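>>> Sharing a model prediction with you, sequence too.
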Amino acid sequence: MSYLKEIKDFVQTLSIALANSLEIQISILDETLEQIGGTGPYKASVGTSTNKYGLMHKAMLTRELYYVENPREDKKCYGCTMKERCIETASVGYPIIMNDEVIGAIGLNCFSNEERKRLLEKKEFLLKFLESMSELIAAKVKENISIQKIKEQNIQFKEILDFVTDGIIILDKKGKIKNINKNAEKIFNTDLEEAFLERNGLTKNFDDMGTEEERKEIVEVLENKTIRDIIDDYLQYHGHGLYSSDLSYLLIELLDLDFADIKSLGEC
């Protein structure tokens with residue numbers, strides 16, 4: 001699995017930003033040697049495989065920084081399948097490591113004498129900077145993995161909720177509906193949040209609600225609304241009566257209620 005490919009838009013945006021800032025071209029490969037990000041001559045290669053045993057590949061294999069001031073002549077270039085056709089004037093490759101796993105490499109690539117001069121003059125800074133960018137990319141991959149896990153857990157959680165026979169509504173601490181299972185939807189046969197907004201003369205497009213001062217007043221009203229107020233608004237508006245006992249569903253107010261306080265409104 002290519003972790004970098006999962007965040008390819010971020011990688012390419014970062015590549016362009018770095019190249020514009022450093023005035024040196026950028027190349028980012030994943031562990032399969034696919035070009036995920038690139039600028040200059042390498043921009044057209046994004047999405048394709050690059051050469052084996054090049055500087056970036058060797059950086060991944062050895063987990064070390066590779067620095068070459070004279071491509072084609074430096075012994076570090078031996079074995080590179082692009083050695084005879086290389087047009088770089090200087091190059092640096094640094095591995096991208098996440099949780100002790102090499103997931104790619106980032107490189108500084110010079111294609112002119114001016115770019116080469118910048119690299120040589122700021123060598124120490126740029127090598128340290130490249131290390132920091134490697135760590136940044138690894139951190140972004142970790143973040144993306146966490147987000148994907150949360151999405152998967154939410155899907156699983158929703159599937160579990162839909163198997164529960166009771167109607168379940170999950171709200172956040174501000175009373176905003178975060179999730180509602182199929183049985184709760186059948187009980188209400190409508191959008192609970194939409195009904196609440198309708199009863200209170202509100203709209204989902206908050207910017208359309210009157211003047212700024214009026215919107216502030218609406219916010220104050222919403223902040224003073226309790227969970228029971230919201231349900232009450234819905235039931236009264238649709239003629240169910242206050243907390244109709246034949247409605248069997250759970251109401252969970254995240255963060256504000258202890259588990260022992262979570263009750264079926266049908267018992268209230």
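Happy to help now that I have it. Numbering: from 1, shown residues only.
>>> residue boundaries of the helices in the chain?
3-6, 8-22, 55-62, 113-121, 123-163, 182-188, 192-199, 212-224, 227-237 (DSSP state H).
>>> any weak-confidence spans in this structure?
172-179, 185, 187-268 (pLDDT under 70).
>>> now with 80?
The model of the chain has pLDDT under 80 over residues 1, 154, 156-268.
>>> Domain-wise, how is it divided?
Domain assignment for the chain by automatic domain parsing gives 3-150, 164-267.
>>> got a list of what Leu136 touches?
Leu14 (C-beta atoms under 8 Å, 6 or more residues apart in numbering). Using the backbone N, CA and C atoms, a C-beta is placed for each residue, glycine as well.
>>> so how far is Tyr78 from it?
31 Å (C-beta to C-beta, to the nearest Å).
>>> ok, now Ile96?
24 Å.
>>> Mind checking which of those two has more residues around it?
Between Ile96 and Tyr78, counted using other C-beta atoms under 10 Å, Ile96 has the larger neighbour count: 26 against 10.
>>> residues near Lys151, how many?
Number of residues near Lys151 (other C-beta under 10 Å) recorded here: 10.
>>> And for Tyr3?
Counted with other C-beta under 10 Å, residues neighbouring Tyr3 total 21.
>>> my read: it touches Glu143, true?
No: using C-beta atoms under 8 Å, Tyr3 is not in contact with Glu143; the gap is 11.1 Å.
>>> Can you get me a residue count around Glu143?
Glu143: 12 neighbours (other C-beta under 10 Å).
>>> Starting from Lys117, give me the distance back to it.
For Glu143, the distance to Lys117 equals 36 Å [C-beta to C-beta].
>>> Ala139 too?
Distance, Ala139 to Lys117, by C-beta to C-beta: 32 Å.
>>> my read: Ile103 touches Glu34, true?
No: taking C-beta under 8 Å as the definition, Ile103 is not a contact partner of Glu34, at 11.8 Å.
>>> Setting aside sequence neighbours, what's the nearest residue to Val141?
Leaving aside its sequence neighbours, Val141 sits nearest to Tyr3 (C-beta to C-beta, 6 or more residues apart in numbering; 4.5 Å).
>>> who are the neighbours in contact with that neighbour?
Neighbouring residues of Tyr3 by C-beta under 8 Å, 6+ apart: Asp30, Met98, Ile103, Gly104, Val141, Asn144, Ile145.
>>> and if you look at Phe125?
No contacts exist for Phe125 under C-beta under 8 Å, 6+ apart.
>>> thinking again about what came up before, any shared contact partners between Ile103 and Glu34?
The contact lists of Ile103 and Glu34 share Ser2, where a contact means C-beta under 8 Å, 6+ apart.
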